[in-house]
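Asker: Have a look at this fold, sequence not included:
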């Protein structure tokens, strides 16, 4: 097991390397001159000064030299300085990462708990009216584009009913740290959390249903029933334990996708998270910030994939990793 | 076997030929019995017909500005109302639908041709080539799709053709995986061995023997990819990185409408409703085709 974990860890390195080269290449090809946006507001820049600055910042270096410099700094956890924000990149990203984690973890917990409950209902009462309703719900939900759902939520709950704010994370007039500020922040989070958790429910509910149906067919449950256990104990104690194994790994794998997927939702709701930062930095040619955010997301993806593999082996004694 | 007469061999032949024809007949019959499939197909054809004839049903042009009729609600004159410049929303949504559906269909078909070929070659040739191609698939699928879409569309710049190229560059992976999987299961079978023994070239084996056998999953992939492409295109256009005004798309119509969300929420509702209907029809169709073409699934039911 330990061997397996170590080997998988080592396999992460080349994948991360390829991703970083690919993304760096793409952002390197991005239109827009970083020096131009930097000097935009500076009057009287002569052509030779411009050239000198290009050389100084290494903008004329070939691709691999620039990449190597970036990688070297990145390994020292120094992704650079954002001209657009006038701050070090880490200082720009850190608060947005925190906001995104608050948003996505809330959405994931709510979404997965409901998905598992819905999945259990669907499987235990297969072909019932509830199973039918939930199936239609997943199918309809799967076809609704997230940005439109977000806009519809704004129309219903913010524009028509006026219950919730339309965008942002906190109202400008509340004092931070007070109870009012806390309630205010919750109110801002309700709509994005609903939109994100609906897509979570849809992704996981079907897995839960089919996984439980698979288990319900097995002989050991007949044995449990024959022992005289009531249905609640049969499902709650015996069936769920095994049915949840694949679902847990699906949940682990889906974590980074939620963070990526929150890009659109955060942008529509104007929520100051890392997803919206990615969008604004790409739109504003903020090369260094965009690159760092993408690498953080890529790192998370690979880390959670590894976690899913390890969890799977740990939870399911039938799986043994060969060395 | 070596002693069997030619007459014996000809006896087998007429049995084998209609059997392969029969497969598609069975698929069609199963497809017809699938009520959901009908709904998907009807929705899709209706949408296609609607965007083709829709703009001709009303006497307005795509960019016909009418400042006296700004932000009107639905009426007999303007079925879906008008936008902030008094342009007819019905006409704009129909034209936007042409663009969005065209992107979806083009990408769906192209990804399957490119991805299918890559998958078949990777699966059949194997070795180093297979390894490299599958690692590439891994890299593309590892990073969340929306992140790559944002970066790529910024690099390529806006425009219809650019969007199509980007979407094909990302979506070919699912078709490639499916085709590769199918080829891996077939390539050690007797009919491939027989073709090899008869001296068929690699390309002949791949195109003549392996391609027809991987067709079923590829058709399903084309349908689902088309839906995914419409979702991606409308999302990008909505974010201002895809199709740019004045060319309408269901995505950028939504962006435009969302600036007036407090005054005219209906204008936000309508383009999104059409995106939803299009995605729904492709997903229903894809699901139904998968059920119809998968003999294993059909027997289970």
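Answerer: Now that the structure is in, tell me what you want to look at. Because the structure is a prediction, the values reported are computed rather than measured.
Asker: Need the residues that contact stretch A:13-32.
Answerer: A:63, A:66-67, A:70-71, A:74, A:285, A:287, A:290-291, A:294-295, A:298-299, A:302, B:135, B:138-139, B:142-143, B:151-152, B:154-155, B:157 (CB atoms under 8 Å, 6 or more residues apart in numbering or on different chains). The C-beta positions use only the backbone N, C-alpha and C, and glycine is treated the same way.
Asker: Count the neighbours of residue A:16 for me.
Answerer: By other CB atoms under 10 Å in any protein chain shown, 17 other residues sit near residue A:16.
Asker: can you confirm it is in a helix?
Answerer: Yes: Residue A:16 forms part of a helix when assessed by DSSP: H, G, I helix; E, B strand; the rest coil.
Asker: what helix or strand is the spatially most central residue of chain B on?
Answerer: What sits nearest the mean C-alpha location of chain B, by CA atoms, centre = their mean, is residue B:226, with 1.9 Å. For residue B:226, the element it lies in under DSSP states H and E is helix B:215-238.
Asker: Residue A:64 now?
Answerer: Going by DSSP H and E, residue A:64 is in helix A:63-75.
Asker: Narrow the contacts of stretch A:13-32 to those that are buried.
Answerer: Among the contacts of stretch A:13-32, those classed as buried by 16 or more other CB atoms under 10 Å in any protein chain shown are A:66-67, A:70, A:74, A:285, A:287, A:290-291, A:294-295, A:298, A:302, B:139, B:142-143, B:151-152, B:154-155.
Asker: which residues touch stretch B:97-105?
Answerer: With CB under 8 Å, 6+ apart, stretch B:97-105 has contacts from B:47-48, B:50-52, B:54, B:160, B:163-164, B:167, B:226-227, B:229-230, B:233-234, B:243, B:247-251, B:274-275, B:278, B:282.
Asker: what sits against the closest residue to chain B within the stretch 51-200 of chain A?
Answerer: The nearest approach of the stretch 51-200 of chain A to chain B comes at residue A:148, 3.3 Å away (CB to the nearest CB). By CB under 8 Å, 6+ apart, the contact set of residue A:148 is B:254, B:272, B:275, B:276.
Asker: what ranges of the chain fall below the confidence cut-off?
Answerer: Just so you know, I chose chain A. A:31-32, A:34, A:37, A:319-323 (pLDDT under 70).
Asker: Actually, chain B is the one I wanted.
Answerer: In chain B, residues with pLDDT under 70: B:1-22, B:66, B:69, B:76, B:86, B:294-301.
Asker: Give me every residue in it lying close to chain A.
Answerer: Residues of chain B lying near chain A by CB under 8 Å from any CB of the partner chain: B:135, B:138-139, B:142-147, B:150-152, B:154-155, B:157, B:227, B:231, B:234-235, B:238-241, B:254, B:258, B:261-262, B:265, B:268-269, B:272, B:275-276, B:279-280, B:283-284.
Asker: Could I have the PyMOL command that selects the buried members from the residues you listed?
Answerer: In PyMOL, a selection of the buried entries from those looks like this (16+ other CB under 10 Å):
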select buried, chain B and resi 139+142+143+144+145+146+147+150+151+152+154+155+227+231+234+235+238+239+240+241+254+258+261+265+268+269+272+275+276+279+280+283+284
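Asker: Which helix or strand contains residue A:263?
Answerer: Using DSSP H and E, residue A:263 falls in helix A:240-269.
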